[in-house]
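[1] structure of the sequence below:
(chains A, B and C)
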Amino acid sequence: MYRYILKRVLLLIPVLLSVIFVVFFIMSLTPTDAAEVILGNDGTPESLARLRQELGLDKPLLVQYVNYVRNLLKGDMGTSYRSGLSISEQIFDKLPNTMILACSAVLIAVLIGIPAGIISAKKQYTAFDNTVTFVALIGAAVPGFWMGLMGVLLFSVKLGWLPAARMGKTLPLLLKSLILPAFTVSTNTCAMITRQTRSSMLEVIKQDYIDTARSKGVKESVVTFRHMLSNALIPIITVIGLQIGVLLGGSVITENVFAWPGIGKYVVDSITNRDTPAVLGCVVVISVLFSLANLCVDLLYAFVDPRIKSQYSK
Amino acid sequence: MRGDTVTTETKTLKTAAALCEDGSGRTLWQEMRRRFKKNRMAVVALCVLSLLLLISVSTLIVDVATEKAFYKTYIVGQDMPNKLKAPSLESVRDLFGRDEFGRSIFFRVLWGARYSLFIGISTVGVAVLAGGILGALAGYYGGRLDNVIMRVMDVLLAIPYTLFAIAIVAALGTSIVNLLIAMTIPRIPSMARVVRAAVMTVKDREFIEAGRAAGASDLRIIAKYILPNAASSIIVQATLSVAQCILGIAALSYLSLGVKPPLPEWGAMLTSAKSFFRDAWHITVFPGLAITVSVLSLNIFGDGLRDALDPKQKR
Amino acid sequence: MGTLLEIKDLVIHFEMDDGVVHALNGVDLTIHEGETLGLVGETGAGKTTLAKGIMGLTPRPPGKIKSGEILYEDRNLLTLNDQEIREIRGRHISMIFQDPMTSLNPVMTVGDQIAEVIETHDRISKQDARRKAEEMMEMVGISCERYPEYAHQFSGGMKQRIVIAIALACNPKLLIADEPTTALDVTIQAQVLEMMSRLKSTRNTAMLLITHDLGIVAQNCDHVAILYAGKVIEYGTVRQVFKQHLHPYTKGLLGSIPSLIEDVERLTSIEGLMPDPVNLPQGCAFSPRCAHAMERCFCEAPPLYLMEDGHSVRCFLCEHSSKEA
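    All right, here's what the predicted structure looks like:
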């Protein structure tokens, strides 16, 4: 098992290097000239050329890439064209805020989605089930940022209960300011988890081993959790894994709706400023996080399903 | 010799068709239509989608017929005295109220349908084509080619979809063409995966063997036997992808990275609305509702299609 | 031999979208302490519905128990609440399902699955439950070292042994075995059956053995009930049913199996199919396929006629020879 984990981590390295290369390549397509952005209108042809040379922009793409990765390993993602600040510092300054938002969104989605899906499946075709199914359908279709705007309209503008934007500084204020963005980000994910939980529970409910469990005389709650849910969990975990990407993308947009000071806001601001290395750094960091999250999900399978675990051990 | 091949192939094709027939003697297609019709929600969704398509086409026709006169006056033309006017049933123009420049939100929502629908469909079309070719090659030939293609797809899948699109737009600059590219490329890997899986499940079936034994070329086998049989899962995936795309277009436009105001794209309408929506709720509600209804219909239609095509998976 | 379980006029219907499935239409059946009762019928005759009905596992909806009683030690199982029926399940009556491949939880160790039923009913510590579960594993011929393994690591026959261990772990008075060997290889079938009858006779457990294999019935059972379209159509000792059968359906059923002793030119089969349980014929359910059908068979359902020594038959042909006549 540990050997398998090690193998997976090692296999991740070439994937991450390729991901960085792809992102690096895409960003290099930009027609924007970095030197012009930095020097603005003050640049003379000579000073522009000198700056390009300093930045290493005159070298072939592959050399630039190798240099970038080498610096990245040292924790250096270059300096912002606009502010001249270190990008890695900027990103690690904002990363916790994004993580707070993303993690609370996952938590909300799981805490609402799984119980709703379970009850819905156990009470199939009842009014409750129909309501949950319908709400989940809509939840999967609503654009997250519009949900956020509607939330602001209702809870901030009309009712005045929650702040419309910005992150609270103290813990109670932080929590209060977190509610709307976190629910906004989690809407789609929560809907998907609910739907998957419901359908895989319905699949499991039909299985013979559920009858076996019932015929032992164990309590229905034990049947539901120990026998049904533990078997239904595998596809649910798959969906959660797929949703992490959606969620990270969603938080980019949501952060901009709520002026939440995370990477998502930083990346969009950097795009507006034509600050290429900052955009590159953000995309690289989020992609690395996403790959790590996916690896965790893959490893989680082994703990949920002994059949997969025994495959890994081989 | 050549003639032999053709007749044998026709026979295998017939076998393939026979495989699709169930005991009742109905073909798969008829059976699918029957099952789909039983799903009332999916039929309603199909009607909504047809309506959206009709709106997109007829607004285009109006533009062409009036040489954009209507467009210039009512869609992008400003009417400041009536800005932020609340919705009323008095005139069609005021049905959803007016926006911050006094433009009719109802008209703009109708005119916006084309962006979501056409960009969504063409994006997915290209992604299906590209992903389909890659996935079919990988699934059919297997081995090293499969490995190379799928590893590249894995790398592309390791970048979160929305972020990927944002990075492309950031690099290329904001325009409708770049938006198309940005929406398409990140879609290709998941399409390739779906097609590959579908190809791999049908490729070892007997009628493929028979076709191969009859001497049909690889290309012919892929195009004539495998793809039609893998079509159902591709169609379902494509439908659901269009829904995802519409959300993506709206999101990017909302971030001012896609279609730009004053074009009446739904997401872009929300961007310009957000500074005023405290005073006039209607300017944010209707474009968002339009997105939700389109995506909802596509999702329900896609689900209905899947249930109709694959009765085993039915809830 | 005292009566252990008595089923009276049990009617179970399933209300589906496209009609009502008449699965059981008035079943009367008695199981005595320690005996093995064979329940024989074609696919769709209602065997599994009856078994699940006794266990209180009828899926509701769409299932609906229209009428009847299931008396176990003078208590009607159908009127018990959830908690009371749970105390019966596993402790007094337990069940083995048809397919061992799917009747074990794939994500729980087999040992824990045996221990679970012990923990549920016996007030003992986890360690004791584990020890008892290990004993049960040894008893069904599986090394207790395999306690922490999962179902996918066992073969079909081994899995069925685990299922039997679960079913017998709390010494139930009645074991319902729903085609326990159908899914197994023929050689394993014999082993498993032999083990089951050994265990049941040492523990004095009664068994309801559901099967469509008449050979198994002849070897293992004391009494036999033949089920057709949700009704018992013939009941008696193995000898009575095999040698002195009276119902045309039983006759047809026995005619369709090859015999080693008698020289038969060709095996006979019963013409036609079991009636659709959504549209049962008005009279005797077997009448459309019966060679002896009379006019009255098509409009009137025959009652169960009591013959000599507990032998009973549901056929008008026996009206005059029955004891009541």
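
[2] give me the phi and psi for C:Asp18.
    phi -100, psi 30 (degrees, to the nearest 10).

[3] for it, which non-adjacent residue is closest in space?
    Counting by Cβ to Cβ, 6 or more residues apart in numbering or on different chains, C:Asp18 lies nearest to C:Val278, which is 7.4 Å off, once chain neighbours are set aside. All C-beta atoms are positioned from the backbone trio N, CA, C, and that covers glycine.

[4] again with B:Ile185
    B:Ile168 (6.4 Å).

[5] what about the one you found, helix or strand, and which?
    Following DSSP states H and E, one finds B:Ile168 within helix B:161-172.

[6] mean confidence for that helix?
    Mean per-residue pLDDT for helix B:161-172: 89.

[7] now that helix, how far from the centre of its chain.
    Relative to the chain's own centre, helix B:161-172 is displaced by 19 Å; criterion: Cα atoms, centre = their mean, to the nearest Å.

[8] next secondary structure after it?
    By DSSP H and E, the next helix or strand past helix B:161-172 is helix B:176-184.

[9] so which residues make contact with the helix or strand just after that following helix?
    Using DSSP H and E, the next helix or strand after helix B:176-184 towards the C-terminus is helix B:188-203. Applying Cβ atoms under 8 Å, 6 or more residues apart in numbering or on different chains, the contact partners of helix B:188-203 are B:127-128, B:130-132, B:134-136, B:138-140, B:146, B:149-150, B:153-154, B:156-157, B:208, B:222, B:225-227, B:229-230, B:233-234, B:237-238, B:241.

[10] could you check the angle helix B:188-203 makes with helix B:161-172?
    130 degrees (axes from the mean of the first three to the mean of the last three Cα atoms, to 10 degrees).

[11] would you map the strands across chain A?
    Counting by DSSP state E, chain A has no strands to list.

[12] what residues does it have near chain C?
    A:125, A:207-209, A:211-220, A:226-227, A:230-231, A:304-307, A:310 (Cβ under 8 Å from any Cβ of the partner chain).

[13] buried among these? Make that a PyMOL selection.
    Per 16 or more other Cβ atoms under 10 Å in any protein chain shown, the buried members of the residues of chain A next to chain C correspond to this PyMOL selection:
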select buried, chain A and resi 207+208+209+211+212+213+214+215+216+217+218+226+227+230+231+305+306
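
[14] residues near C:Lys126, how many?
    Neighbourhood size, C:Lys126 [other Cβ atoms under 10 Å in any protein chain shown]: 10.

[15] count the neighbours of B:Ala171 for me.
    There are 22 residues near B:Ala171, going by other Cβ under 10 Å.

[16] so what's it up against?
    A:26-30, A:276.

[17] go on, A:Thr276?
    A:27, A:30, A:32, A:34, A:37, A:81, A:270, B:170-171.

[18] one more time with 6 Å
    A:27, A:30 (Cβ atoms under 6 Å, 6 or more residues apart in numbering or on different chains).

[19] pick out the residue of the stretch 201-314 of chain A closest to chain C.
    In the stretch 201-314 of chain A, the residue that lies nearest chain C is A:Gly217 (3.7 Å; Cβ to the nearest Cβ).

[20] could you measure from the nearest residue to A:Leu280 once chain neighbours are set aside over to A:Lys158?
    Among residues not flanking A:Leu280 along the chain, A:Met27 sits closest, at 4.7 Å (Cβ to Cβ, 6+ apart). Counting by Cβ to Cβ, to the nearest Å, the separation of A:Met27 from A:Lys158 is 42 Å.

[21] neighbour count: these two, which is higher?
    Ranked by neighbour count (other Cβ under 10 Å), A:Met27 and A:Lys158 place A:Met27 first, with 20 against 11.

[22] tell me the pLDDT at the residue nearest to A:Leu280?
    At A:Met27, pLDDT is 86.

[23] distance of it from A:Gly281?
    Taken as Cβ to Cβ, the span from A:Met27 to A:Gly281 is 10 Å.

[24] which ones among the contacts of helix B:188-203 also lie next to chain A?
    Among the contacts of helix B:188-203, not one lies near chain A by Cβ under 6 Å from any Cβ of the partner chain.

[25] and those, which are buried?
    B:127-128, B:130-132, B:134-136, B:138-140, B:146, B:149-150, B:153, B:156-157, B:208, B:222, B:225-227, B:229-230, B:233-234, B:237-238, B:241.

[26] ramachandran angles for C:Glu35?
    Geometry field for C:Glu35 lists phi and psi as phi -90, psi 170, criterion degrees, to the nearest 10.
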